[in-house]
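>>> let's see this in three dimensions:
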Amino acid sequence: MTTGTTILIIHHEQDRYFDTLCRRFPDLLFHSARNDAEVAQKMAELQPQILLSFRCDPISTKAQSMAARTPCVKWVQVAGAGYDHLGDLDELKCQVTNCSGVLSRFQAETVIGAMINLNFGFYRYQQQQREKLYRKLPWRSLEGQKLLLLGMGHIGRAVAVNARHFGMHITAIRSRIQDSPEADVVCTADELPVLLPEVDFVSLHLPYCKETHHFFDAKMFGAMKESAYFINTARGNIVDEDALIAALKEKRIAGAYLDVFREEPLPQLSQLWQLDNLLLTPHYCDAVDDWHERFADFFADNLQRWIAGEELHNSLKK
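Modelled structure (predicted):
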């Protein structure tokens with residue numbers, strides 16, 4: 001890499017890390033784009049070689065995908081694990097890396113917190129508190145309960161490690177049978193019809209792509225037992241949201257926790273807001289207060305490797 005290389009940070013909030021990157025790499029030119037119009041303008045004017053791409057509501061996937069496909073771009077660093085906002089990776093001619101693993105343990109912490117909330121019924125006690133209703137609700141320990149993890153990447157493994165501390169039995173779904181010491185059992189997706197009627201919690205940790213669109217559908221919700229809970233902190237469109245709403249409304253499952261949705265921000269008219277057996281958070285379950293800096297540090301380390309001509313960490317496409 002030579003002096004004068006231009007880097008565009010695509011995100012509506014870059015103040016927490018922009019100056020740090022400029023100080024660490026004084027010979028490189030950093031710029032930022034906070035909305036679709038700025039992305040289009042700065043891609044045309046600056047012709048950046050490197051993009052740091054944050055998936056965020058104010059910037060559309062169309063703008064992100066366009067930027068990644070601009071011929072001047074040689075490398076896109078995704079700030080986060082998910083990269084579906086870039087479109088089909090096979091269509092990109094540049095190298096792509098992500099931040100998989102950087103925030104995994106924090107997301108796993110939130111998943112376990114949701115499981116404890118749902119299992120003990122804290123959310124139901126909050127409802128009773130609003131009604132000034134003093135009533136004891138039965139519950140059983142997480143110990144011995146069965147957790148099904150769909151996906152065993154960084155996040156799935158971190159969830160499994162935490163769940164083990166509570167004595168849960170962990171079954172992992174992977175694309176192929178392979179060694180997974182964090183799980184008690186490893187299976188492939190074709191065994192889901194047998195597994196789903198037996199588990200107490202289903203936690204989704206798959207990447208979103210054409211193959212996983214509406215992967216978890218009405219048939220799968222129908223296979224779950226009525227006392228089971230569903231958790232999705234991956235991507236909203238991996239789940240058939242209408243099927244999930246029906247399962248929750250009709251109490252065909254006990255409840256759910258969602259951090260991701262079919263449409264984000266979640267529309268005011270969505271039926272999800274009205275469900276009393278559902279916990280919602282706004283796609284923020286891994287966003288510890290210094291998450292910007294953690295992603296920036298990872299990017300800076302990878303940028304140093306780029307300068308040195310070394311292999312980049314977390315390469316998705318070369």
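>>> for residue 206, which residues are in contact?
150-151, 212, 215, 234-235, 238 (CB atoms under 8 Å, 6 or more residues apart in numbering). For glycine as for every other residue, the C-beta is placed from the backbone atoms N, C-alpha and C.
>>> try it again with 6 Å
The contact partners of residue 206, by CB atoms under 6 Å, 6 or more residues apart in numbering, come to 150-151, 212, 234, 238.
>>> what do you get for residue 137?
Contact partners of residue 137, counting by CB under 6 Å, 6+ apart, are 121, 124.
>>> and the contacts of residue 206 as JSON lines, adding neighbour count, pLDDT and secondary structure?
Shown next, in JSON lines, are the contacts of residue 206 (neighbours: other CB atoms under 10 Å; pLDDT from 0 to 100; DSSP: H, G, I helix; E, B strand; the rest coil):
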{"residue": "150", "neighbour count": "25", "pLDDT": "98", "secondary structure": "strand"}
{"residue": "151", "neighbour count": "21", "pLDDT": "97", "secondary structure": "coil"}
{"residue": "212", "neighbour count": "19", "pLDDT": "96", "secondary structure": "helix"}
{"residue": "234", "neighbour count": "27", "pLDDT": "97", "secondary structure": "coil"}
{"residue": "238", "neighbour count": "24", "pLDDT": "98", "secondary structure": "helix"}
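>>> residue 227: which of these is nearest?
Nearest to residue 227 out of the contacts of residue 206 is residue 150 (CB to CB; 19.0 Å).
>>> do you know how far the residue nearest the centre of the chain is from residue 50?
The centroid of the chain falls nearest to residue 234 when counting by CA atoms, centre = their mean (3.8 Å). Using CB to CB, to the nearest Å, residue 234 is found at 27 Å from residue 50.
>>> ditto for residue 213
According to CB to CB, residue 213 and residue 50 sit 30 Å apart.
>>> same question, residue 104
24 Å.
>>> who has more neighbours out of the two?
residue 50 (24 against 20; other CB atoms under 10 Å).
>>> may I have the phi/psi pair for the more buried one?
Phi and psi for residue 50, reported as degrees, to the nearest 10, are phi -130, psi 140.
>>> residues in contact with it?
Residue 50 is in contact with 7, 75, counting by CB under 6 Å, 6+ apart.
>>> try 7 Å this time
By CB atoms under 7 Å, 6 or more residues apart in numbering, residue 50 lies in contact with 5, 7, 74-75.
>>> would you list every one of the helices in the protein?
Under the criterion DSSP state H, the chain contains helices at 18-24, 36-46, 61-68, 104-120, 122-130, 154-164, 192-195, 218-223, 241-249, 291-308.
>>> show me the domain layout of this structure.
Listed domain ranges for the chain are 7-98+289-308, 104-280 (source: the TED database).
>>> now find how far off-centre the longest one is within its chain.
Computed by CA atoms, centre = their mean, to the nearest Å, the chain-centroid distance of domain 104-280 equals 14 Å.
>>> on that earlier part again, could you dump the contacts of residue 206 to TSV with distance to residue 219?
As requested, the contacts of residue 206 are exported to TSV (distance: CB to CB, whole Å):
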residue	distance to residue 219
150	15
151	19
212	15
234	19
238	15
